[in-house]
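K.L.:
Quick check, what structure comes out for this input:
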Amino acid sequence: MFEENQDSMNRMLKENEEFRRLYNQHQQLEKRVIAAENGTAPMEDLALNQLKKEKLHFKDQLTRIMEDHSVN
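P.N.:
Predicted coordinates for the structure are as follows:
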């Protein structure tokens, strides 16, 4: 995530508490999605799709913060 802006992301993780909180939540959801897809933490498709939607929501928020930060 945000590989093309690694420096900016690292700076945001250090400087912005909200960004760090959202990023950590996104990472936790990412781990759960991967575990479900790999079969190590099986779940129903509906639950997996909900996790993916939540993960995308956090990514959208992170993207918005990054964009706002780059404008300022």
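K.L.:
Could you find the closest non-adjacent residue to the residue most central in space within the chain?
P.N.:
With distances taken as CA atoms, centre = their mean, His26 lies nearest the centre of the chain, 2.9 Å away. Nearest in space to His26, with sequence neighbours left out and distances taken as CB to CB, 6 or more residues apart in numbering, is Phe58 at 4.0 Å. From N, CA and C alone the C-beta is placed, and that goes for glycine too.
K.L.:
Whichever strand or helix holds the one you found - contacts with which helices or strands?
P.N.:
Using DSSP states H and E, Phe58 falls within helix 45-71. Applying 3 or more CB pairs under 8 Å, 6 or more residues apart in numbering; DSSP states H and E, one finds that helix 45-71 contacts helix 6-15, helix 17-38.
K.L.:
Worst mean pLDDT among those?
P.N.:
Ranked by mean pLDDT, these bottom out at helix 6-15, which scores a mean of 91.
K.L.:
Against which helices or strands is that one packed?
P.N.:
Partner elements for helix 6-15 (3+ CB pairs under 8 Å, 6+ apart): helix 17-38, helix 45-71.
K.L.:
picking up where we left off before, give me the neighbour count for the residue nearest to His26.
P.N.:
Counted with other CB atoms under 10 Å, the neighbours of Phe58 add up to 20.
K.L.:
how about it, what does it touch?
P.N.:
By CB atoms under 8 Å, 6 or more residues apart in numbering, Phe58 lies in contact with Leu22, Tyr23, Gln25, His26, Leu29.
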